[in-house]
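Chemist: return atomic coordinates for the entry below.
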Amino acid sequence: MTQFKTLFAPICIGQLEIKNRCVVPAMGTSFGNEDSTVSEQMVNYYSERARGGFGLIVSEVCSVDPLGKAGPREFGIWDDKFMPGLTRLVDEVHQQGSKIVVQLHHGGRQVPPNAIEGNQPVAPSAVPCPLIQVTPHEMTAEEVWAMIGQFRVAALRAKAIGFDGVEVHGAHGYLVAQFMSAHSNKRYDEFGGGLTGRMKFPIEIVRAIRESAGPDFPIIFRISGDEMVYGGRAIHETLAACMLLEEAGVDCFDISVCTYGSLEWMCAPSAVAPGFNSTAAEEVKKVVSKPVIAVGRINDPALAESILRSNKADLIAFGRESIADPELPNKLAEGRVDEVRPCLACLQGCLTGVFIPGGRLGCVVNPFVGREGSSDLGPCKRSKKVMVVGAGPAGLEAAWIAALRGHDVTCYEKKSVIGGQFRIAAIPPTKQELAVALKQLLSLCNKYGVKLKLGTEVTADLLVQEKPQIVILATGAEPFIPAIPGIRESGAVLANDVIDAKVQVGHRVLVIGGGMVGAETADYLRDYGKSITIVDMLSDIAADMPLGPRKWLLRRLAEGHVEFVTNATVKRVFDDGILYERDTQQYDARGFDSVVIALGSRATNPLGALIPPEVEEVHVIGDCKKARHVSDATSEAADVALSI
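Modeler: As a prediction, the model looks like this:
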């Protein structure tokens, strides 16, 4: 712990003492009930992170008004009927030794109609959100004052429940932020005009809470340092805003970034530099005397410690990092850095999971998200001899969990290295976090006694010789090569082999396949100055990727002058190009030095028919079962390891 001594030093927000500088910031989970009450699943989720050692937890968005919900399952605090569930949440977090504040929220124009039963959203001006694109009702001055009262009453209710404070959500383009921003506030009454006029709404909210809740009730204010939209608030106005808010009574500033119009920054993918937003926190610290929380891809404890020691911030919000590993602080305090589940900044389970209809929070590296309190990692009833075939993410996940529970586990891998396609996927630009995940899985396998047999192919004879009681097949997938005329005779190479440096390509490269594999292969080749053309039968490139990572990837491809040929069906492959069809017309694309096949993967299970009848159980998991996202693979792996 000594190497992270500042991270584990106590700090006060107002009169509230926090045991360390580790914060779980507010993040939507969609774990709430349909009636906006707190669910048992939500209580278990936050309790797990309190048990993991976080000093401060900020609950996810909690609406002060039924028309302010940003999602159908956002929980509420606009009525006393919500108090029993919220009280249970607070009591559980306190019992685990953490402090908890509730984030008071109203979505304003960023509320989708399905979240508020088809009602019209409200906003400072009748200007639609770029993402939602629904014209909101422009609030009258009377309605604005009434809303200030709703924030005040919600804060009093939070204090009565037992919350340690409140956080006013003035970031990410929601209602409070909309009033502060010239991008969304076009008013010319007392709540509009220049910055001081636009600041009247949040200032009056803070004053109302302070006057009603008293001087000893902490108020945190979350604000985007830069909204990242044209005409929005940038850092210099944010500094002035924070100065005014401190005078109004704010005890701590939580510095985030963006609006719905710049969502690629809200949960920044791995294309964005770690700690990128700490500079905004540093600027705010120069103009306020109260503590400042930094957030934004702070994905390593040494980075967090350096931000604190350099006086850029006073606390660190480990957002998606706390989703990936709820035990992050405890592991760091105990020197178990290599065991921390790393956030991949992939957005596959967190942002994507929450934003899809009916979705819930999830995580690629943490299959237990959303089932905290219901997954028993305790010892097995009877130790069995387990053979895991394949050392990709699915195989390694199953292996360490089974070994943790007391089974005798051996993991076999035909290649001399672990990782499978996951290892190769870590090579293209911005994908480096995947290698960190493999290191963590390897550390856990070593810790719990998994015997790794690399360079060892499992055969029928080996199965008979080893006599496993349980076999878990995790042999992954292989690149898909369709039956296109000429494809095998042409000398076309596989994308995996290009990225893994097994083959070299010439200067002019044609990539067949514009999904994630093809687009990331082009991104990899762009780094080497290649001239690249991607051909795909769909109308969009990288359509199988989450919004944020895709947006950044397409920017890099544009910078590399990568050409796209979409809605094109490849009819024949030559050694220097292809014949393709589009809109019933056929075209030649020739003169290329290399042709690369990047058409995804298909399951490979060569051992399925070779398992001897003496084996008690056979489980097929991950891409070996069906080629899908890695989150499916790790989730299946955990399920199987817990079942045996």
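
Chemist: pLDDT score for I100?
Modeler: Predicted confidence (pLDDT) for I100: 98.

Chemist: A171 versus that one, what's the distance?
Modeler: 19 Å (CB to CB, to the nearest Å). In this view, the C-beta of every residue, glycine as well, is placed from N, C-alpha and C.

Chemist: ranking helices and strands of the protein by mean pLDDT, which lands last?
Modeler: helix 351-355 (a mean of 72; mean pLDDT, DSSP states H and E).

Chemist: roughly how far is that helix from the heart of the chain?
Modeler: The chain centroid and the centroid of helix 351-355 are separated by 8 Å under CA atoms, centre = their mean, to the nearest Å.

Chemist: tell me which residues in that helix are buried?
Modeler: By 16 or more other CB atoms under 10 Å, the buried positions in helix 351-355 come out as L351, T352, G353, V354, F355.

Chemist: pretty sure the fourth one is touching T29, no?
Modeler: Yes - in this structure, V354 sits in contact with T29. The criterion is CB atoms under 8 Å, and the distance is 6.9 Å.

Chemist: which neighbours do these two share?
Modeler: R360, L361 (CB atoms under 8 Å, 6 or more residues apart in numbering).

Chemist: confirm E478 sits in a strand?
Modeler: Yes - E478: assigned to a strand according to DSSP: H, G, I helix; E, B strand; the rest coil.

Chemist: check what pLDDT the nearest residue to it once chain neighbours are set aside gets.
Modeler: Spatially, and ignoring its direct neighbours in sequence, E478 is nearest to T604 (4.7 Å; CB to CB, 6 or more residues apart in numbering). Model confidence at T604, expressed as pLDDT, equals 88.

Chemist: same check, this time on D527
Modeler: Confidence score, pLDDT, at D527: 94.

Chemist: burial of the residue nearest to it when sequence neighbours are not counted, as a residue count?
Modeler: Excluding the flanking residues, the one nearest D527 by CB to CB, 6+ apart is P429, at 5.9 Å. The number of residues packed near P429 is 15, by other CB atoms under 10 Å.

Chemist: kindly report the same for the one 5 residues further on.
Modeler: Per other CB under 10 Å, the neighbour tally for L434 reads 24.

Chemist: name the element S47 belongs to?
Modeler: When elements are defined using DSSP states H and E, S47 is found to belong to helix 40-51.

Chemist: what's that helix packed up against?
Modeler: strand 56-63, helix 83-95 (3 or more CB pairs under 8 Å, 6 or more residues apart in numbering; DSSP states H and E).

Chemist: could you work out the end-to-end span of stretch 133-149 for me?
Modeler: As for stretch 133-149, its first-to-last residue distance stands at 28 Å under the measure CA to CA, to the nearest Å.

Chemist: can you check stretch 184-199 too?
Modeler: End to end - CA to CA - stretch 184-199 spans 13 Å.

Chemist: which one of the helices and strands packed on helix 40-51 lies nearest to K439?
Modeler: Closest to K439 of those is strand 56-63 (CB to CB; 28.0 Å).

Chemist: which residue packs closest to G53, ignoring adjacent ones?
Modeler: Nearest non-adjacent residue to G53, counting by CB to CB, 6+ apart: P329, 3.2 Å away.

Chemist: the one you found: what's it in contact with?
Modeler: F8, N20, C22, G52, G53, F54, G55.

Chemist: ok, I205 next?
Modeler: Contacts of I205 by CB under 8 Å, 6+ apart are I148, F151, R152, V168, V176.

Chemist: how about those residues, which pair is most distant?
Modeler: The most widely separated members of these are R152 and V176, with 13.4 Å between them, by CB to CB.

Chemist: the more surrounded of those two?
Modeler: Taking neighbours as other CB under 10 Å, R152 and V176 compare with V176 leading, 27 against 22.

Chemist: and that one, what helix or strand is that in?
Modeler: Assigned by DSSP H and E, V176 falls in helix 175-180.

Chemist: and the contacts of the helix or strand following that helix?
Modeler: Downstream of helix 175-180, the next assigned helix or strand under DSSP H and E is helix 195-198. Residues outside helix 195-198 that contact it (CB under 8 Å, 6+ apart): 179-182, 185, 187, 190-192, 237, 240-241, 244.

Chemist: buried ones in helix 195-198?
Modeler: For helix 195-198, the neighbour count (16+ other CB under 10 Å) marks L195, G197, R198 as buried.

Chemist: what's the closest of these to L579?
Modeler: R198 (59.0 Å).

Chemist: ok, back up a step: looking at the helices and strands packed on helix 40-51, which is buried most?
Modeler: Of all the helices and strands packed on helix 40-51, strand 56-63 carries the top mean neighbour count, a mean of 28, counting by mean count of other CB atoms under 10 Å.

Chemist: give me the contact list for it.
Modeler: 13, 18, 22-29, 36, 46, 49-50, 69-70, 74-78, 89, 93, 98-107, 154, 167, 169, 174, 220, 254, 315.

Chemist: good, wrapping up.
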